[in-house]
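Peer 1: Requesting a structural model of the entry that follows:
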Amino acid sequence: MPAGSRTRIQLCGRFVLELEGRRIEARLPSRQGRLLFAYLALNRDCAATRDELVDALWPYATPAAAPSALTVLVSKLRAALGPQMLSGRTELRLNLPPDACIDVEDSLAAVHEAQSAVALGDWKRAWGPALHAQFIAGRRLLPEHDTPWLDQWRQRLDDVHDRALEAYAASCLGIGGTELPGAERAARHLLERSPLRETGYALLMNALAAQGNVGEAMRVYERARTTLDRELGITPGPAIQKAHARLLGIPAAAP
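Peer 2: Predicted structure coming up:
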């Protein structure tokens, strides 16, 4: 997050709310209050109806007293944040300062920046954002809660994590030298998380070969070939074939 930001919201891992330089997460009303704040923060671009918020807070069995309980939570949240921060009555909107940083949004922006830099071959510019996105997405979003809308955000962050590992491995490969072991570690981690991700195999093969471990890289190719055939009934795609051709010292066929 930008160093000058005075409003910081951390929803992945430990819950942190720093508003205008002051840590105030302890003021939020209970677990449900934190969940309500998180929902409003992640949907800050639009207002949320009270019915929508009831469904978000009590997704599996809505108690009869849910509307009145929501009113109490909103009142306590306004007291903690200030009346200008939470606007509306029938529809609620969180009005964060312009410099506010939410870690989830930050991870999405960082991985986009990293992938854009990789596409341009700007390896050094890709390295930092890719690592930053990994650190955020690698922590579980609001770990004390279990709701369907959080599951959707968690799936999105899982994708961010994979894409960040991919971009980080590619940037380390592009930089070379002492960064090559980082490329190998990231590629292995990517395959642990997503064993059918073909780019992971290609990155690992290239990272191993760049470190002089051509034999091990060939074993990775065999693993990719057998895994894809067994699980999906397909042969390795262009990324893996290109890496394999490089190992054999022959030009790769055009995709």
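Peer 1: Count the residues that sit near the nearest residue to P143 once chain neighbours are set aside.
Peer 2: Using C-beta to C-beta, 6 or more residues apart in numbering and skipping residues adjacent in sequence, the residue nearest P143 is G13, 7.3 Å away. C-beta: built from backbone N, CA, C; applies to glycine. For G13, the neighbour count with other C-beta atoms under 10 Å is 15.
Peer 1: before we move on, what about S30?
Peer 2: 10.
Peer 1: Give me the distance between it and A65.
Peer 2: 15 Å (C-beta to C-beta, to the nearest Å).
Peer 1: Same question for R193.
Peer 2: 41 Å.
Peer 1: quick one, which of those two is more surrounded?
Peer 2: Taking neighbours as other C-beta under 10 Å, R193 and A65 compare with R193 leading, 14 against 10.
Peer 1: which parts of stretch 46-60 are buried?
Peer 2: By neighbour count on 16 or more other C-beta atoms under 10 Å, the buried set for stretch 46-60 is A48, R50, E52, L53, V54, D55, A56, L57, W58.
Peer 1: I figured the last one hits A66, correct?
Peer 2: Yes: using C-beta atoms under 8 Å, W58 is in contact with A66, at 5.3 Å.
Peer 1: List the contacts of the helix or strand where Y221 lies.
Peer 2: Assigning secondary structure by DSSP states H and E places Y221 in helix 214-232. Contacts to helix 214-232, defined as C-beta atoms under 8 Å, 6 or more residues apart in numbering, come from residues 195-196, 198, 201, 204-206, 208-209, 234-236, 240, 243-244, 247.
Peer 1: Apply the buried test to those residues and list what passes.
Peer 2: Applying 16+ other C-beta under 10 Å to these flags E198, Y201, L204, M205, N206, L208, A209, P236, I240, A243, H244, L247 as buried.
Peer 1: Those residues in helices, which ones?
Peer 2: Within the buried ones among the contacts of helix 214-232, residues falling in helices by DSSP state H are E198, Y201, L204, M205, N206, L208, A209, I240, A243, H244, L247.
Peer 1: The nearest residue to the second one once chain neighbours are set aside and A167, how far apart?
Peer 2: On the basis of C-beta to C-beta, 6+ apart, the spatially nearest residue to Y201 that is not a chain neighbour turns out to be A224, at 3.9 Å. With distances taken as C-beta to C-beta, A224 is found 20 Å from A167.
Peer 1: what's the answer for Q32, then?
Peer 2: 37 Å.
Peer 1: out of these two, which sits in the busier spot?
Peer 2: Neighbours per residue (other C-beta under 10 Å) separate Q32 from A167, with A167 holding more: 29 against 18.
Peer 1: Going by secondary structure, that one is in what exactly?
Peer 2: helix 148-175.
Peer 1: Does anything pack onto that helix? Which helices or strands?
Peer 2: helix 103-119, helix 123-137, helix 180-193, helix 198-210 (3 or more C-beta pairs under 8 Å, 6 or more residues apart in numbering; DSSP states H and E).
Peer 1: pretty sure A210 is in contact with G176, am I right?
Peer 2: Yes: counting by C-beta under 8 Å, A210 does reach G176; the two are 6.8 Å apart.
Peer 1: Looking at these two, which is more packed in?
Peer 2: Set side by side, A210 and G176 show more neighbours around A210, with 18 against 11, by other C-beta under 10 Å.
Peer 1: pLDDT score for the more buried one?
Peer 2: As predicted, A210 sits at a pLDDT of 95.
Peer 1: Perfect, I'm done here.
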